[in-house]
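*Asks:* this one's sequence-less:
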Ligand code: SF4
C-alpha cells in the first residue's frame, strides 16, 4: 500500500455518467431486444405456448420451475447440495429485467434460487416482463442492486464457444438452448 | 536466448498457416468494427472508460482499501500477495487447509503470469483449465497464444488429433461441434468432482466489495458454484470505483474483444454461497513499480480485451508465442519490458508503430507511443547494441512479405463500407451528437497514384 501511495499519479477526477434518455418507446426497446437476442441464437416463445412446450418436453425429463402456475418435476426446496442439480434438463425462471442494446437479462439469487441452476441445466427458459426492458447497461445498473444477494448474473444467450477455429458452437458448458418468454 | 524476430521467423516459415492466422484475427477485428458501428457514442464511451481508469490509478490505494473493507464485511476472505510466489503459496494454502487435491480453473491471465498451474501440480494438486481454448492448450502443454482466444493458433485437425489421443474421439474427426461436445462431457465430470474453483477477475467494485467475471461458456460459474471453495485471483489494477461504472466497461469489453454486444455471462460475486467459502487474492507482482513509471503507468488501465492484438500487423503475422510472454501483442510489449528489460526489451521493436492498437483500445491507452518510449529506454540502457538490427528485422520481414501493407489498407477500406449502419442502438442514444463513420475513399493514395501517374509506355 505504501508503494502504491508513493507511486500513484496526481489526482484525476471521476467523470459523471450521462443520464438515461427521457422518454422511450417500449415497442422500440422490444424490437431491439428481440433482434439482438435472436442474433445470439436465443429463441422466443409466446407466453401462452409455454405450458404446451413444457408438457411436450418429455415425461422422463427433470424439470425445475419457479413459476407458481407451472409445476416442475423437481422441488428446489429439497435441494441442499448443488450437485443434486446435475441431472436437470429444463429450468424455467423469471428474469428481473432485460437490456435492449444487448439482450442481457438480470437474475439474482432471488430468481435463480441456486447459483448453479441457470448454468447446469441443459435448457433454460427465462420469463421477462416487457415493462422491465431498459435501453442500455447504464440504465440496467441504475435499476438493480448488484449486491442485493450474494450472487447475480446477466445472461445474454445460450452458453457458447468459438475456441475451435472461430466456429460458433452453442452449448459449451452451460445451457444448450435459451428460450425467452416476453410478456 | 532467442529474439522476437527469430521466433517470428520460425512462425513465418509456414506461409499458408501465417496467412490463415492473419485472416482469422483480422476477421475478429472486423467484427469489432461492425459492432461499434451500432454505438454512435462509442468515442464518448471510450473516453469515459479511460477517465474512470485514470481516476482509479490516482486513487488505487483508497479504492483497494475500500474494496477490502466491503468484501470482508460481505464475508469474503481477502488476501494480499506482493509477487507471483506469494500468490501461489496463498492459493495452495487455502487448498491445503481444505485438503483439496483437484480443482477447476477458468481463464485467468494472472494465474498464467504467476505459473500457478505448474506450482499446484508440483504440490500434487490436479488443475483442470475449463475454458475450451485453455483446456486444449493445457493438453498440449503450451501457453496461450492470445488472451481472449488462447488456441487461435491451432487448426481444427490438430485439435481433433489431440482429442482423439487424449479424450478418445473418433480418429480424423475435426468437426468443431463434435469436438466441443466431447470436451463438454469430459469437463462436466471434472466440474462435478472438483473441490475448489478458481477464476480470474474482470472487475472488482470498491463500493460493493464484489468481483465480476465475464465468460461466454459459463465455465467459471460451473466451477465456483459447484465447489465448496471459490477463489478469485486479481491484479491490483482491476478495481473500479462504483457499480455504475460496470455499465461503461461491460459495454466496451465484449464489443472490443469479439464484436459481441456483451459476453453471454456477466457474473457478480459478493458473498460465499451458503456453507461455502469465498476468497479474493489481490496481487501486485510488479504493478506498483509500473505505476511509478510515469511514461508507462497507462498500461495498467488495460481491460484485457485483446483488440490491440487482433489489429496488430506484427502480432497477426508472428503469432502469440513469438512474444514469449504471458500477455502477447502490443499491450504485452509495453508490460513485459517493465518486468525484465533484458529479456523482453526487444518486444518494443516488435511493432511498426502504425498506431492501430491505440486506435482500437477501449480505454485509450497510447500503446504505440509507449512502445516508442520503451525503445528509447532500451537503447539508453545499452541493450540495443548487439541486437539492434535483429529485432528491427521483425517488422521489416513482415512488411516485405507479399504486399501485406497494401492488403491491410484495402481490408480497412472494405470493412468500413460493409459494417451495418447503427442497427440496434441508434434509437436509444441519449448522448446528443451521433458520430458518422468517416467517408471511406474508394481508392487508396497508392491506387490513385498508379491510375493517374502510369508512365506512358
Ligand atoms: S491494451 Fe487496450 S486494446 Fe489492448 S487488451 Fe488492453 S484494453 Fe484491450
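*Replies:* Happy to help now that I have it. Predicted model only: the values in this text are computed from it and were never measured.
*Asks:* chain A: strands as residue ranges?
*Replies:* For chain A, applying DSSP state E gives strands covering A:43-44, A:63-65, A:90-94, A:97-99, A:105-108, A:123-128, A:133-134, A:151-155, A:160-161, A:169-170, A:177-182.
*Asks:* residues in contact with the first one?
*Replies:* This points to strand A:43-44. Residues from elsewhere that reach strand A:43-44 (Cβ atoms under 8 Å, 6 or more residues apart in numbering or on different chains): A:34, A:37, A:38, A:177, A:178, A:179, A:180, A:181, A:182. (C-beta placed from N, C-alpha, C; glycine too.)
*Asks:* which one of these is nearest to residue A:117?
*Replies:* residue A:178 (13.6 Å; Cβ to Cβ).
*Asks:* from residue B:208, how far out is that closest one?
*Replies:* Taking Cβ to Cβ, to the nearest Å as the measure, residue A:178 and residue B:208 are separated by 27 Å.
*Asks:* who has more neighbours out of these two?
*Replies:* Using other Cβ atoms under 10 Å in any protein chain shown, the more surrounded residue of residue A:178 and residue B:208 is residue A:178, with 26 against 22.
*Asks:* am I right that the more buried one is in contact with residue A:90?
*Replies:* No: contact between residue A:178 and residue A:90 fails when scored by Cβ atoms under 8 Å: they sit 11.5 Å apart.
*Asks:* need the residues touching each of the two.
*Replies:* The contact lists of residue A:178 and residue A:90 share A:123, A:124, A:125, where a contact means Cβ under 8 Å, 6+ apart.
*Asks:* wait, what's in contact with the closest residue to residue A:183 other than its chain neighbours?
*Replies:* The shortest distance from residue A:183 to any residue that is not its chain neighbour, by Cβ to Cβ, 6 or more residues apart in numbering or on different chains, is 4.2 Å, and that residue is residue A:47. The neighbours of residue A:47, taking Cβ under 8 Å, 6+ apart as the test, are A:127, A:181, A:182, A:183.
*Asks:* doesn't residue A:132 make contact with the last one?
*Replies:* Put plainly, it is residue A:183. No: Residue A:183 is beyond contact range of residue A:132, at 10.4 Å (criterion: Cβ under 8 Å).
*Asks:* who has more neighbours, these two?
*Replies:* Between residue A:183 and residue A:132, counted using other Cβ under 10 Å, the more crowded position is residue A:132 (18 against 11).
*Asks:* what angle do the lengthiest helix in chain A and strand A:177-182 make?
*Replies:* Longest helix in chain A, counting residues (DSSP state H): helix A:26-39. Our comparison of helix A:26-39 with strand A:177-182, counting by axes from the mean of the first three to the mean of the last three Cα atoms, to 10 degrees, yields an angle of 170 degrees.
*Asks:* quick one on the thing from earlier: nearest to the ligand among the shared contacts of residue A:178 and residue A:90?
*Replies:* Distance to the ligand, by Cβ to the nearest ligand atom, is smallest for residue A:124 among those, at 30.5 Å.
*Asks:* what about that closest one, neighbour count?
*Replies:* Other residues close to residue A:124 by other Cβ under 10 Å number 25.
*Asks:* so what's it bridging to?
*Replies:* With DSSP bridges as the criterion, residue A:124 is bridged to residue A:91, residue A:178.
*Asks:* I figured it hits residue A:171, correct?
*Replies:* No: contact between residue A:124 and residue A:171 fails when scored by Cβ under 8 Å: they sit 11.0 Å apart.
*Asks:* overlap in contacts, those two.
*Replies:* With contacts taken as Cβ under 8 Å, 6+ apart, the residues that reach both residue A:124 and residue A:171 are A:158, A:177.
*Asks:* in the sheet, who's paired with the residue positioned nearest the centre of chain A?
*Replies:* When Cα atoms, centre = their mean is applied to chain A, the residue found nearest the centroid is residue A:155 (3.2 Å). Beta-bridge pairing for residue A:155 (DSSP bridges): residue A:105, residue B:265.
*Asks:* surely it and residue A:105 touch.
*Replies:* Yes: applying Cβ under 8 Å as the test, residue A:155 and residue A:105 come out as touching, 5.3 Å apart.
*Asks:* need the residues touching each of those two.
*Replies:* Common contacts of residue A:155 and residue A:105 (Cβ under 8 Å, 6+ apart): A:95, A:126.
*Asks:* can you name the residue of the stretch 151-300 of chain B nearest the ligand?
*Replies:* Nearest residue of the stretch 151-300 of chain B to the ligand (Cβ to the nearest ligand atom) works out as residue B:256 at 5.9 Å.
*Asks:* any idea how far that residue is from residue B:377?
*Replies:* Using Cβ to Cβ, one obtains 28 Å as the distance from residue B:256 to residue B:377.
*Asks:* could you list the low-confidence segments of the chain?
*Replies:* By default, I'm working from chain A. Along chain A, the parts satisfying pLDDT under 70 run over A:22-23.
*Asks:* try chain B instead
*Replies:* Where chain B drops to pLDDT under 70, the residues are B:383-457.
*Asks:* enumerate the residues of it near the ligand.
*Replies:* Proximity of chain B to the ligand is confined to B:256, B:302-308, B:331, B:360-363, B:365, B:367 under the rule Cβ under 6 Å from any ligand atom.
*Asks:* dihedrals phi and psi, residue B:217?
*Replies:* Dihedral angles phi and psi of residue B:217 (degrees, to the nearest 10) take the values phi -90, psi -30.
*Asks:* same deal with residue B:31?
*Replies:* Dihedral pair for residue B:31: phi -60, psi -40, per degrees, to the nearest 10.
*Asks:* what secondary structure does residue B:79 sit in?
*Replies:* With DSSP: H, G, I helix; E, B strand; the rest coil as the basis, the three-state label of residue B:79 is strand.
*Asks:* just give me how far stretch B:173-181 sits from the chain centre.
*Replies:* A distance of 25 Å separates the centroid of the chain from that of stretch B:173-181, by Cα atoms, centre = their mean, to the nearest Å.
*Asks:* which residues sit against it?
*Replies:* Defining contact as Cβ under 8 Å, 6+ apart, one finds that stretch B:173-181 is touched by A:161, A:163-165, A:167, A:169, A:171-172, B:132, B:156-157, B:159-160, B:163-164, B:169-170.
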